[in-house]
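Visitor: show me how the following folds:
(chains A, B, C, D, E and F)
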There are 6 protein chains.
Amino acid sequence: MISILFLLASFFLLPITSHASVPDFCVADLNAAQTPSGYPCKNPKTVTVDDFVFSFLNNRGNPQKQFNVSISPAFVGQFPGTNGLGLSAARLEMDVGGAVPIHTHSGASEMIMVVSGHITAGFISNNNTVFVTKLSEGKVMIFPQGLLHFQVNTGEGKATAFVAFSSSDPGLQVLDLALFGNNLDSSLVGKTTLLNIAQIKQLKAVFGGTE
Amino acid sequence: MISILFLLASFFLLPITSHASVPDFCVADLNAAQTPSGYPCKNPKTVTVDDFVFSFLNNRGNPQKQFNVSISPAFVGQFPGTNGLGLSAARLEMDVGGAVPIHTHSGASEMIMVVSGHITAGFISNNNTVFVTKLSEGKVMIFPQGLLHFQVNTGEGKATAFVAFSSSDPGLQVLDLALFGNNLDSSLVGKTTLLNIAQIKQLKAVFGGTE
Amino acid sequence: MISILFLLASFFLLPITSHASVPDFCVADLNAAQTPSGYPCKNPKTVTVDDFVFSFLNNRGNPQKQFNVSISPAFVGQFPGTNGLGLSAARLEMDVGGAVPIHTHSGASEMIMVVSGHITAGFISNNNTVFVTKLSEGKVMIFPQGLLHFQVNTGEGKATAFVAFSSSDPGLQVLDLALFGNNLDSSLVGKTTLLNIAQIKQLKAVFGGTE
Amino acid sequence: MISILFLLASFFLLPITSHASVPDFCVADLNAAQTPSGYPCKNPKTVTVDDFVFSFLNNRGNPQKQFNVSISPAFVGQFPGTNGLGLSAARLEMDVGGAVPIHTHSGASEMIMVVSGHITAGFISNNNTVFVTKLSEGKVMIFPQGLLHFQVNTGEGKATAFVAFSSSDPGLQVLDLALFGNNLDSSLVGKTTLLNIAQIKQLKAVFGGTE
Amino acid sequence: MISILFLLASFFLLPITSHASVPDFCVADLNAAQTPSGYPCKNPKTVTVDDFVFSFLNNRGNPQKQFNVSISPAFVGQFPGTNGLGLSAARLEMDVGGAVPIHTHSGASEMIMVVSGHITAGFISNNNTVFVTKLSEGKVMIFPQGLLHFQVNTGEGKATAFVAFSSSDPGLQVLDLALFGNNLDSSLVGKTTLLNIAQIKQLKAVFGGTE
Amino acid sequence: MISILFLLASFFLLPITSHASVPDFCVADLNAAQTPSGYPCKNPKTVTVDDFVFSFLNNRGNPQKQFNVSISPAFVGQFPGTNGLGLSAARLEMDVGGAVPIHTHSGASEMIMVVSGHITAGFISNNNTVFVTKLSEGKVMIFPQGLLHFQVNTGEGKATAFVAFSSSDPGLQVLDLALFGNNLDSSLVGKTTLLNIAQIKQLKAVFGGTE
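Guide: Numbering: from 1, shown residues only, chains lettered A, B, ... in the order given. Predicted coordinates for the structure are as follows:
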């Protein structure tokens, strides 16, 4: 009996071993040029379990304790194993009063999962309705793709959350940086937002914008 | 010879006639509930060529001549034949100094085709770079999905343009309306944009926002 | 100046108010028949922020404390706001020695984010390689779509994790239930797995299978 | 030991039983209106194995033995279990000299698998290159989506083939029927094909076209 | 206050600057091999606004004034900024009596927007129905993906139109060139279209076909 | 007349000849690194009809006659013309009593078309229902993506079948190899399947697994 089973086993092992192109995963080769579907795949023979694991503790993206907020992204650029799998992550640590400025992700919906603390979060829909609520531990909120949204720590202590995205590369457009953090002409900003020029120039000074 | 051909013809006519579900088109039944892929299809037997045609001249969406701008959308809600086909349109008429406020489309890339006049158009990328240029007749510009963009008539006469979108329902989020045209709390706006409260309240008054 | 701005505001408010079909979200109407793209959308006028929020604390899906494990799903069936957005969630609570049996999700990749404790997690690729590691707080692991994977609490205390999926309805096929929890003929199980009949019958007794 | 296992089993059985919306399949409800993603799903409780099985022997779509050809489609309209799964089928029986007229499928690529006989098959690419070859038993050929293609029995006996499509509803546009089998004005046909009017009128007579 | 704002600004500038892979756009590197999702992306650092702009006036693809027709494509090959964005364009200039021969686009739906003149346009559906109408300035018509369609200038003056496609690379198969502009054997053409051999040979002479 | 037609022909030939990037097909360059959407395309100038044809008779993947079963895959790795087209194939030859072990395809639905003989085939759904039936010549069965399924020759003679998949690279995970054909720790297998250790070690010996 065993010998028969062994032959059967070798039968299935053969084609699998020789079939190098099975796309069950495609760890990003970050040195290659991207395509519209993501990065080319790293050679599968060099892939290890570490390609599928990311540690937020070793990769505190932007700990700015003076602002009570730290955002650590685990997008494909930081976590190449997500390439092609339609998921990525971030970790949010907010001290009292911390805020994530209003922003959009052009390429993904977002889901926040609160680990601790109290976070007031919201988004604005296309028909201009505000969906805002206060989240506590164990609560999850979803923000549809491409819509303006924000999070503010409105609790009395620190807040921590995991964030998931429906793309390995969700994109991020922070409103203030888009308007005030570059060389976009102040008069164009004014004409297309109706913000007054003094306000524009003040925030350009804050965010490093020129003109 | 002819009789043989005739039999062949009837052979192919039969299955086609009986196969009612060919999805070469799916004109929207706007009275039915949408799905994530679009509207359910209108009964194909009631579809006519008019379902595939839209007239901007008969559907001037928003002619606001005092502002020198008129935007006429031909999204699936106005042009049900686009349902499921990954395209929709708009027509833009801008008098001197007219402007389309900064906005995003969460569900589509956009392409503007200038018919007449001079339009300064631009978008801001995720890495905060401004791509702006002045377009004239016969020029086309593309705005990637979900990014902030705008158009301003910077010519000395009227400007007209056709706009195409990569979805039958691209969505539209006008920045000013999202921030100032609803009941989003002014302190939340301030905290997540750093705009000063006076500016926020002034624009809330303009755009009908409360709180 | 203000009156001009006010007119501009009303210009943009008009089309948006009348355009009822913008698909920035599509909260599931769970009483309607699904389609291949998800559920039909609930009437947008009845949507509230609660449709976009889920509380794991109020929805402990399957707390089986005697097994040191509790899995709470927040798929579209429990969390209708995820419909069409390409994301869903689950929360995992594992006491010492707890295990999530080996399983697949046919419709989604999965990402686990460890909140506390130590979890040994792994998956098996198409070329039969095992990718297994021990995760602790702040670590994230991704499991590609459709592959067998598992999680075991190998720490000395309780483990808690959030899980995200790249679909609002990822599907779940637990190996033991598929093989032993139904009326699949024991001889077919044996012939297609090479498990011995005694083992099959023992587990059929455990998982409620017949024949 | 068994009692512990039994508890574990009931743990997993519970959520699965209550989770009615898992979209591992979506058998078409052909009486409901289609959507761009396919038909709404039949109630899963009424689905049986027969929904996933189609018999070409019981469904000889178009046996026209006088023309040595018979095409039996198993698209979603005939085989509702394919709905949403991205596959459908057809069976081809061709006697000596039989031919499938040149045609396109707007919604799917096609793959022919020859069971018996000799079939000359080909397609024309966008850059106007002809890819044509003679296929025999055990050979497979693929025809890219939307391109003109044809099959002719060029063997000395009957030919049989299975055909697979990359959509549950591939669509079918037979060139001769599109040009000559309807009320398309003969002068428009002539102007847009350069065929002479006599030829057009002859084939209109054959295929039942008018005008 | 300003210093605090400035710190916040630098917080968000950091991760964005270091995150080189955000796929908000992917301008085609036309020298690299295509993939099924499009071309690899040009190095984002070398992208300028000109990559997102195309001028039909500088790129008159095929001005054949003796035929009263000129078609200028702005597909990804001519307009690399469209890569991955699901849109491309063309401009059509037709003098009196000009015609666009019947053709298909295997990879995109098409939308024509008439700028001036009168164009009779139509398509044939899978169930062999003709949808044809006469379009004038400001009218838009949509042609579903993969179906045969045509445009004829039936006005008394010149006609101009913009065309948009739902893909950066829609493909183009002109019926006459596919049948008569290559080495496809005349007897195969006859057998699969029922056109008579004399007609086939006449058009082969016209379109440069052989055999 | 002819000269006019000839000019028209050259008009359309020009843009097509110069437009090298039409993606009507994308034959895989198997030497290049894969991307999430498939392989980069082979230079179109070197593509011949042989790239679109596969012969099962010349490529008997795994003829194991002593087990009465032979599976020949024609996935993108063997049949590069399928790249990007959403289809691939396999051929199954089963002698009396032959069986295809229970397995999943993470990336595709599967359709079996029985050429000769009797095959008992089945799959298990997410809600743990078994869909099993006996297929004979001319019958087709579909297995939804990612679900466990199997085929057994339960006839009295040889059985042959064609298989189609909804992806050029469907993936294959054979349950026994995933559990017993690698270095997955036996105690982890036991803990996550409840199989007893003796059974695990016996099958590890059969399938070449260690530990």
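Visitor: now for the residue in chain A that chain F sits nearest to: which residues touch it?
Guide: Nearest residue of chain A to chain F, counting by C-beta to the nearest C-beta: A:G84, 3.1 Å away. All C-beta spots, glycine's among them, are computed from the backbone N, C-alpha and C. A:G84 makes contact with A:P23, A:F25, A:C26, A:S37, A:G38, A:C41, A:S168, F:T35, F:P36, according to C-beta atoms under 8 Å, 6 or more residues apart in numbering or on different chains.
Visitor: equivalent analysis for A:L188, please.
Guide: A:L188 touches B:T120, B:G122, B:V132, B:F150, B:V152, counting by C-beta under 8 Å, 6+ apart.
Visitor: and it, that's in a strand?
Guide: No - counting by DSSP: H, G, I helix; E, B strand; the rest coil, A:L188 is not part of a strand but helix.
Visitor: now it: how far from A:F56?
Guide: 39 Å (C-beta to C-beta, to the nearest Å).
Visitor: tell me how many other residues surround A:V49.
Guide: Per other C-beta atoms under 10 Å in any protein chain shown, the neighbour tally for A:V49 reads 16.
Visitor: pretty sure it sits against C:T129.
Guide: No - using C-beta atoms under 8 Å, A:V49 is not in contact with C:T129; the gap is 9.4 Å.
Visitor: follow-up on the earlier one: out of the contacts of A:G84, who's the most crowded?
Guide: A:S168 (32 neighbours).
Visitor: quick one: low-confidence ranges for chain A?
Guide: For chain A, the stretches with pLDDT under 70 are A:1-22, A:60-68.
Visitor: around chain E, pick out the residues from it.
Guide: In this structure, chain A approaches chain E at residues A:30, A:32-39, A:61-62, A:64, A:66-67, A:69, A:71, A:73, A:75-77, A:101, A:106-107, A:169, A:171-174, A:176-177, A:181, A:203, A:205-208, judged by C-beta under 8 Å from any C-beta of the partner chain.
Visitor: mind doing that once more with 7 Å?
Guide: Contact residues (C-beta under 7 Å from any C-beta of the partner chain) of chain A with chain E: A:33-37, A:61-62, A:64, A:66-67, A:73, A:75-77, A:106-107, A:169, A:171-172, A:174, A:177, A:181, A:205-208.
Visitor: near chain B, which of these show up?
Guide: Within the set of the residues of chain A next to chain E, contact with chain B (C-beta under 7 Å from any C-beta) is found for A:S106, A:G107, A:G171, A:L172, A:L177, A:G181, A:V206.
Visitor: which residues sit in contact with the second one?
Guide: Residues counted as contacts of A:G107 (C-beta atoms under 7 Å, 6 or more residues apart in numbering or on different chains) are A:S167, A:D169, A:P170, A:G171, B:G146, E:P23.
Visitor: which one of those is nearest to D:M111?
Guide: Nearest to D:M111 out of those is A:S167 (C-beta to C-beta; 31.0 Å).
Visitor: the closest one: which element?
Guide: Assigned by DSSP states H and E, A:S167 belongs to no helix or strand.
Visitor: nearest residue to it in space, ignoring adjacent ones along the chain?
Guide: A:A108 (3.8 Å; C-beta to C-beta, 6 or more residues apart in numbering or on different chains).
Visitor: ok, now A:H103?
Guide: Nearest residue to A:H103 in three dimensions, chain neighbours excluded: A:V174, at 4.5 Å (C-beta to C-beta, 6+ apart).
Visitor: and if you look at A:G117?
Guide: Leaving aside its chain neighbours, A:G117 sits nearest to A:A159 (2.7 Å; criterion: C-beta to C-beta, 6+ apart).
Visitor: from what I see, the one you found and A:Q151 are in contact.
Guide: No - look at A:A159 against A:Q151 with C-beta atoms under 7 Å: they stay out of range, at 8.6 Å.
Visitor: intersection of neighbour lists for these two?
Guide: Shared contacts of A:A159 and A:Q151, counting by C-beta under 7 Å, 6+ apart, come down to A:I119.
Visitor: name the nearest of the contacts of A:L188 relative to chain D.
Guide: Once C-beta to the nearest C-beta is applied, the member of the contacts of A:L188 that ends up nearest chain D is B:F150, at 31.1 Å.
Visitor: circling back: how many residues are close by the residue nearest to A:S167?
Guide: 27.
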